[in-house]
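J.: fold the stuff below for me.
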Amino acid sequence: IKTVLMLHHRTLPPQINYDAPNPKLGLEDSPFYINTVQQPWPSQDGPCRAGVSAFGIGGTNAHVILEEAPALSSDESGQEHFILPVSAVSKA
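T.: Below you'll find the predicted structure:
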């Protein structure tokens, strides 16, 4: 829900309960950072996308990729939507 709201409002919230990074992470030499203040989601040449992972006990893992919804015009209300289920239960 938090990630959906981030996409909807195009806002990156700050990381709660964050003081300082572990110096062994080497963040200063990487493109990664810890967001410490709320800020707008930077615009890019396409829709914003975010990944959400859930790692459960016993191999019950899930990963979903969320994408910002496109702006709808008044004539697109009948557009079909679908769910694409993907599973690694079997080779098929």
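
J.: can we go C-alpha only for contacts and neighbour counts from here?
T.: OK.

J.: quick one, helices of this structure?
T.: Applying DSSP state H to the chain gives helices spanning 2-9.

J.: can you show me the strands along it?
T.: Using DSSP state E, the strands found in the chain span residues 11-12, 39-40, 49-55, 61-67.

J.: partner strands of the first one and their direction?
T.: Meaning strand 11-12. strand 39-40 (antiparallel) (DSSP bridges).

J.: contacts for the partner strand?
T.: Strand 39-40 is touched from outside by 10-14, with contacts defined as Cα atoms under 8 Å, 6 or more residues apart in numbering.

J.: hang on, the earlier thing: indicate which one of the strands of the chain is closest to Leu5.
T.: strand 11-12 (8.3 Å; Cα to Cα).

J.: check contacts around Ala54.
T.: Contacts of Ala54 by Cα under 8 Å, 6+ apart are 61-63.

J.: beta-bridge partners for it, please?
T.: Ala62.

J.: what about it, distance to Phe82?
T.: 23 Å (Cα to Cα, to the nearest Å).

J.: same question for Thr3.
T.: Here the criterion is Cα to Cα. By it, Thr3 lies 20 Å from Phe82.

J.: neighbour count: the two, which is higher?
T.: Thr3 (18 against 5; other Cα atoms under 10 Å).
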